[in-house]
Structure formats: structure tokens, C-alpha cells
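Peer 1: One predicted model, sequence on top.
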Amino acid sequence: MPLWENPEFIRNCRAQLRPRRMLTGLLVVAALSLVVGYSMHAGYENSGEWAKALMIMGLSAQLVVLGLAGGMACALSIYREKENNTFDFQRVTRLTPLELTVGKLFGAPVFCYFLTACLMPVALAGAVLARIPVTHFVTGLVILLLGSIVFHALALLMSLLSPRGGTGVPGALLLLFLPLLAIPAMNQSALKTAGPWAGVLFAAEGSWQTRSAIDWGGLPYTNSEWTDLVYGWPVHHVPVLLILYLSVLGWLLLALVRNMKRDPGNLELYSPEQSVGLVCYLNLLVLAFYIPRDWVPGQGAPIVAQRSTVFLLFLGLNVVLLYFLGATLLRSREQSRRRVYELRALGPGWREAVWPAGYILVGAACVTLLVCTRFAMSTPLRGTLDVGIAAFQMVFLLVAVLRDLLYFQWMKLRRSRYPFAMAVVFLGVFYACSIILLSTLGWLDEKKFNFLTLLPFPWAAIGLDESRWISERPVWLLALPVQLVLCAVFAWLHYRKLVEMLPAHSNEQSPAAVSPATQT
Amino acid sequence: MIHLERLTKEYDMPGGKAGTLVAADALDLRVPKGEIFGLVGPNGAGKTTTLRMMCGLLRPTAGRVTVHDVDVERHPEEAQGYLGYLSDFFSVYEDLKVWEYVDYFARAYKMPAAQIPGRVNELIHQVGLEGKRDSFIAGLSRGMKQRLGIARAIVHNPPVLLLDEPASGLDPKARHELKQLLRELNRAGATIFVTTHILSDVEEICTSVGIMEKGRLVRCGPLDAVMQEARHGGRRIHLRLAAPGFALAEWLSTRPGVSGIHSVSATAVEFTFAGDDKGQAELVRELVAAGAPLCGVQETGETFEQLYARLSSGETM
């Protein structure tokens, strides 16, 4: 269905683009543009500089109007529909989730698009007078537009996921927007400014040249503002940015379409397979722009990073990502109850009790494969890595993640208003107490650090050094079955919750059937 | 047309209390084409939950709903083409004009573009809003907004209408018009499933009925059959004497098949008689032979409201 035939888009256009409202918007923008343009003219002696500043002002205003105000409009759109009880009527129409999503994505901020169009003469006049190349101006606009659409999709998703009566969405978005405007370089020089602000910069000072070189340590680097290093290869920032935006937009749209017409009590951000895919995508993204570079202390000279440093960096990153994966897979009471009903004949077994461990293991296997492949194919890293200690740290932290997720799953099935939030608070308090206690005992120090430290605080395994691993291997290995026992305990508690959900009533047919034509 | 198969919805008890709230308890129901099915029950019986599951707004804990043999959960967009839904709250887009609102839903239900303008005008006329066609919805009265909601529900000529308390908050005239409209739609072939608290409406327009309590259908079937079955084969008879003096209630209490005797006045009595026409004639003949100055015999039917009051405990879950 083309956008101009999308009923939701048409509805938004009709409601927001009334002639009087449009005329008011146009007059306000025109008046402000004239006044600001004139006052800027007085501040510049060189007309070329003034024109360029005028274009930057026009594009910046477009970014604020489209990005910020449009994002707010998206953040409020579904939230407001829920408040007004009109969302249900949309959900029972024949519009597909994709049509409804597209209609809202472009419809909710349609007045902002109109204001952006009103600001276009200012930006265009500045660009023409400053003799900005057409390709630069158009590319800048495309980046600005696409970046804003990504932000709109994020805002729409937040609006969809926000519970009815929640009031924090617009405020949270406002805070989120400011850093998103100009996401700084991710890692030294590998990825340049990623926010839509890059569009304004490119229109003003962009260049199509790509420049890269090899540094003293034999690693690729670039000092060009418009060159990114993707897996070490120099690629112009614009295509990188556009692909980045499109892929992120794809993930956001996937979540939106999946949940747009869903029962709010059964929202699922992604399917388990999609969640694993997202974790892999994020790994690929980090791997693409990561340059394994260290700096020699005192000299400032770059060298290839230590193998162990890179290992621990990606281990830490993926522990966080596996927590995220687990959080998207945790089942609510409603979802678990439905699952129990589906399995009623068999009853919940061990597979249900260890949910979502299976997908966490699959996710861990996938990212291990990705990271290993990446570093096997690129520049050799410095130093050696003890495979035994690395394997122990990986497995031990994986089991620790599983332990916490099984604990979260059990806690999420407890009867409480905010069961998951309470579970996070309890776990946070537990870790805080553990750290304080272990510090007091001195067990977090390198010398006194022992296997008992790992039981309450498994993250300490990251600090395990090679010499102690070799000398005390059996003792360290003992920590692993203890963690597994804790996993089993939480799985058993989860299982008990599932058994409690088994329907107690007989579920025989309702009585008093008087006619086979109406009650079967 | 509408088929509920072991439809179940369970919730946690509110406020973190122990136990489960069963809003729909393995409901099995089949509503054939052309019926007007009325679902009645006390507040919290599970009527709205059942209706919301039927139109795909709520995901059932177990069981399924099919409309026109299409599974509502598996193929929602296809099923929703057959469904028109009106809820007990009639929220509308206040920033749209009346015709724009109807046009939006005509498009959202994917009606052929060429038919939309004609259908919009026809519907606006049908619900009596032709004078308000170009007015903003914000300026409409409550009753007008409700009529607009009805227009939305029927804009795509759905063969099945699901109406949740459609007459709540309407004035008597608007209620009468609504009933007229429902009858017209039914005559045109629509199957209507309606939940309501207004029992006289059920008796007036419904062809079949379900009484729901605590998530279960305690009575269900064609209205006449439900009434008949609920009477346990008995008929309510009203006797009137020309003058007092005859102990009518005492005499009746000795007769076989007579129960539920209730003296209306010194000369009138009502009772339930579990017999056929012949038995009733015999009873009257014996009464006259016993010297009663009988001047009137009338068989009185129990209203659905009386039946509901008798059957329903009126408890909420």
C-alpha cells in the first residue's frame, strides 16, 4: 500500500494539516527566518560566510523540528491513543501491523515535515549563495532525514511499549535525543559522528575523498573526517552512515511490526531467534569498527593490542549483550500461563524450567564463532592467551549469566506489581553487599582473591591471572559446579511456579446446554 | 458463524492476592448465522473479556475463536474483515470531521476506493448525522458520538457484529433507534453478538441468549428454549375469584403438580402448575366443583428479567 493511500497517514494529515494551522506555521517560520537571517547578515562581513551560516542555521532548525519535535509527536502518538481508548479500534481493523506502523511513523510527525519544508527555502538559499555543491546539500538532507526517521521509529517503539498511564516517555526521549544528535566517534577514528547532525556537517564541510594509512603499529588509521574504517578497510562515512541507519531502522521496524497489533499483556520485543540475531548484529557492528590498538605508555605510539585485552573486552561486551538477550526472552506470568496451558497434557518439564537458557547458549555460541572468526582473519594480536583460562572464564561467566537469568525468570513469575523491577533491585543489593563484604575481607585483592570470591561475585573471574590459574586449577574449577547447582535451584523454583499455574479446575464443559445449535 | 472452542482467560487476582480470576472458563459456544445472541451476566462475569477475545484484542490463555471458519488469533486481519466491533466506551478522534472519521475506517477496513464516498454518505444518513457531516467530532453530543461509533463498526458491512453494552448511556429514543438499527442489520443478514445489562432489550431483540456467571455459561440457547427449560416445564397461572371467602391457596396446596403458590390479593392467587392443558382444564373443573366463585383464569409468562433474577445469584467474581 503506497504511503499516500495509507489510511493512518491520511488521518494524521487530515487532523494536523488544516489550512489555518498550516498558514500559521508558515507565517511563524517565515517571520523567524527573515529576522534571524537579517540579524546574522549584520554579524558577517563576508557574504559567503553568511550564506553558509544561513544554510547551517536552516538545516539545524530542520533537524530540531524534525528530529526533536517529530520524535516527541511519535512518542506521544500511540501513548495518546491508548489514553483515549482509540487504539483498540485501530487494532481491530484490517490494517496490517506494517501498514499501521508506516502510517504512524510518517503520519504522527507530519506537521513537523511540513515545518521542515517551510524551512527549506532558508537552507536552500544559504546553500545556493554559499555555492555548496548540490550533491553535498542533498546528501546532508538525506542523512538528516533518515537519522530523524530512525529516531521517530525509536520514539514510536517507546510509545508502543509504554504502559497505559505511564508519563515518562516524552521526558525520557528528550534526554535521549541530545546525545543522539551527534553520537561521537565510537572508537578512536574508526567511526565518525553517527547522529543525524552529521548531515548538517556534511552539507557545510563535506568531502567525498577517503583517506587512510597504516600507523606505526601496523594498524590502519584515518585522520579524515569523512572516512571510516570498516573491518580495517577505508569506506566513506556517508554510505556507512546510511547502511547503519537503514539496519537500525530495520530492527526497530521489526519490533514495531511484531508488537503493533499484539495484546499489550503479551508484548514480545523480538522472537527468540530474532533476539539472537540482534545480539549477533551488535557484535558485527562493534567488530566492524573496532581497531585492536593499544598505546605504549609514555610514548603515545600505537601498537597492536594484547590478545588477552581484546578477549576480555569482547567477553565483557557479550556478557552485557547476553543479559539483554535474556531480558527480551523472559516470560511474564501471562505468557507462562499460556505456555502451561499449551503443555497441559504433558505438564511443564525441565525444558520449561530452564527457559531461556537454551537461547542464551545458542547466542553465546554464535557470538563466540563471530569474534573468533573475525580475529583469526585479521592482524595477529600481541601476546598469547591461555586457552584453558579463557575457556574457564567464558564458561564460568556464561553460567553466571544463566544463573541470574533463571533467578529473574523465577522472580518474574511472582505475584507482585513490578516483579522484574523488584528482582533487579534484589540482585543489585545482593551484589552491592557482596562487594562490600569481599572488600572488607580483602578477597577482591589479587593475592587473597580465591574461589570463594567467585560464588557471590562471579564477575571477579575476569581478574583471574594465569599463574594462579595454573597453580590452583582444581580449586577454581570447583566454583563451576557450585554455580550450576545455583542454576538448578532457580530452575526448580521456576518449575514450582509453573506447576502452581496448572489449571486447578476441572474444565469440564459448561453446564446447562439447551441446544446443540448454540452451545457445543 | 461464530465458534468458541474451550475459550479460556485467566488473570491473577488483583492486588497480588492469591488465586486466579477465571474470566472465561473453557467456553464452548456456536452462534449460527443470522442470530442475535445476547450475553448477559453480572459485572465481572467475563462478558467483555470474552468479547475482546472474540475480536482479537485479547489473547486467550487457551482455546480459540473462529469467525467464518477463520481463526481470529492466527489470521487476525482476515477475521477482522468479517467483524464489526463496538465497545462500551465510544472514544473517537475529536480532531476529525464526521465524514473523515467514517472515511478513515472505510479505508482501514480496505473497502474498494470507488465505494467509499457513497458508503460514507449512506452511513452518515443511516445513523442520522447528515446535518453534522462536516462538523468536528469534538462538538458532537454523547449520543451522536455513540451513533458515529456504530457507523464505524458497520462501515464495511461486516457479517458479524460484536457489541459490548451498545445501549449504555443512551437516552430512550436513541436506544429505540439502536434496536431498530440492529433489527435492520439482522434482517440484512448480520449475525449479532451483544453483551448488555438491559434485560428487556434482550427479550425484545435477541433470538438466543447466554447467561454468564464467573466465566461460565450457566444457561445458553434460543431465548424461548431457555425460558421454557428454566421453568422446568411448569406454567405460571393466575386465578381470580368473584368474591372472597374461598380458601383458594389452601385448596391449591393439596392438588398435585401445584407449587410456588403466591396470594396476590384476597381474591387472586398465582401459582406454578406442572401439567399440560388437559391437566389445567381438570384443575379448573375441580375448583369450580369445590364451590369456588371462579371468574378468571390466566396463564402468565415469566419475563426474562424475572428469570434472570431467579437464575443469577448476582455475585461478582
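Peer 2: Cool, the structure landed.
Peer 1: gap between the residue lying closest to residue A:52 once chain neighbours are set aside and residue B:176?
Peer 2: Computed as Cβ to Cβ, 6 or more residues apart in numbering or on different chains, the closest residue to residue A:52 that is not its neighbour in sequence is residue A:130, at 4.1 Å. All C-beta spots, glycine's among them, are computed from the backbone N, C-alpha and C. With the distance defined as Cβ to Cβ, to the nearest Å, residue A:130 ends up 71 Å from residue B:176.
Peer 1: What is the burial count for whatever residue of the stretch 201-317 of chain B ends up closest to chain A?
Peer 2: At 3.4 Å from chain A, residue B:221 is the closest residue in the stretch 201-317 of chain B, using Cβ to the nearest Cβ. Residues contacting residue B:221 under the criterion other Cβ atoms under 10 Å in any protein chain shown number 22.
Peer 1: Could you do residue A:358 as well?
Peer 2: Residues near residue A:358, counting by other Cβ under 10 Å, number 12.
Peer 1: Now do the contacts for it.
Peer 2: By Cβ atoms under 8 Å, 6 or more residues apart in numbering or on different chains, the contact list for residue A:358 reads residue A:351.
Peer 1: which element is it on?
Peer 2: Element membership for residue A:358 (DSSP states H and E) is helix A:357-377.
Peer 1: what's the next secondary structure element after that helix?
Peer 2: helix A:387-412.
Peer 1: Next, the angle from that next one to helix A:357-377.
Peer 2: 150 degrees (axes from the mean of the first three to the mean of the last three Cα atoms, to 10 degrees).
Peer 1: just the strands in the chain please.
Peer 2: No chain was given, so I picked chain A. For chain A, the strands defined by DSSP state E cover A:213-214, A:220-221, A:227-230, A:233-236, A:293-295, A:302-304.
Peer 1: wait, I meant chain B there
Peer 2: Listed in chain order, the strands of chain B (DSSP E) span B:2-12, B:20-31, B:36-40, B:62-67, B:70-71, B:83-86, B:160-164, B:191-195, B:208-213, B:216-222, B:235-241, B:258-265, B:268-273, B:294-300.
Peer 1: worst average pLDDT in those?
Peer 2: When these are compared on mean pLDDT, strand B:258-265 scores lowest, with a mean of 79.
Peer 1: The residue of the stretch 201-317 of chain B closest to chain A pairs with what?
Peer 2: residue B:209 (DSSP bridges).
Peer 1: Does it touch residue B:207 like I think?
Peer 2: No: the criterion here is Cβ atoms under 8 Å, and residue B:221 misses it with residue B:207 at 10.3 Å.
Peer 1: which residue packs closest to residue 91, ignoring adjacent ones?
Peer 2: Went with chain A since none was named. Distances taken as Cβ to Cβ, 6+ apart place residue A:261 nearest to residue A:91, at 5.0 Å, with adjacent residues excluded.
Peer 1: could you do chain B instead?
Peer 2: residue A:85 (3.9 Å).
Peer 1: got the contact list for residue A:43?
Peer 2: Taking Cβ under 8 Å, 6+ apart, one finds residue A:50 in contact with residue A:43.
Peer 1: And the pLDDT at it?
Peer 2: pLDDT, residue A:43: 79.
Peer 1: Also residue B:166?
Peer 2: 86.
Peer 1: any idea how far residue B:105 is from the nearest residue to it once chain neighbours are set aside?
Peer 2: Nearest residue to residue B:166, sequence neighbours excluded (Cβ to Cβ, 6+ apart): residue B:86, at 5.5 Å. In this view, residue B:86 and residue B:105 are 12 Å apart by Cβ to Cβ.
Peer 1: tell me, what's touching these two both at once?
Peer 2: What both residue B:86 and residue B:105 touch, as defined by Cβ under 8 Å, 6+ apart, is the set residue B:152.
Peer 1: Quick one: name the residues of the stretch 151-300 of chain A near chain B.
Peer 2: A:261, A:262, A:263, A:265, A:266 (Cβ under 8 Å from any Cβ of the partner chain).
Peer 1: and with 10 Å instead?
Peer 2: Contacts of the stretch 151-300 of chain A with chain B, taken as Cβ under 10 Å from any Cβ of the partner chain, map to A:261, A:262, A:263, A:264, A:265, A:266.
Peer 1: out of those residues, who has the most neighbours?
Peer 2: Comparing these on neighbour count, residue A:261 comes out first with 21 neighbours (neighbours: other Cβ under 10 Å).
Peer 1: confidence score at it?
Peer 2: pLDDT recorded at residue A:261 is 93.
Peer 1: ditto for the one 3 residues further on
Peer 2: At residue A:264 the predicted local confidence, pLDDT, stands at 85.
Peer 1: how far away is it from residue B:20?
Peer 2: In this structure, residue A:264 and residue B:20 are 20 Å apart, going by Cβ to Cβ.
Peer 1: go on, residue A:44?
Peer 2: With Cβ to Cβ as the criterion, residue A:44 and residue B:20 are 72 Å apart.
Peer 1: can you check residue B:124 too?
Peer 2: Distance, residue B:124 to residue B:20, using Cβ to Cβ: 46 Å.
Peer 1: Looking at these two, which one has more neighbours?
Peer 2: Per other Cβ under 10 Å, whichever of residue B:124 and residue B:20 has more neighbours is residue B:124, with 21 against 16.
Peer 1: show me the contacts for that one.
Peer 2: Applying Cβ atoms under 10 Å, 6 or more residues apart in numbering or on different chains to residue B:124 gives the contacts B:98, B:99, B:101, B:102, B:130, B:131, B:132, B:133, B:147, B:148, B:151.
Peer 1: Quick check, the second one in contact with residue B:125.
Peer 2: Meaning residue B:99. No: Residue B:99 lies out of contact with residue B:125 (Cβ atoms under 10 Å); the separation is 11.3 Å.
Peer 1: Between the two, point out the one with more neighbours.
Peer 2: Per other Cβ under 10 Å, whichever of residue B:99 and residue B:125 has more neighbours is residue B:99, with 18 against 12.
Peer 1: Now the more buried one: closest residue in space that isn't a chain neighbour?
Peer 2: Closest residue to residue B:99 apart from its sequence neighbours, by Cβ to Cβ, 6+ apart: residue B:133 at 5.1 Å.
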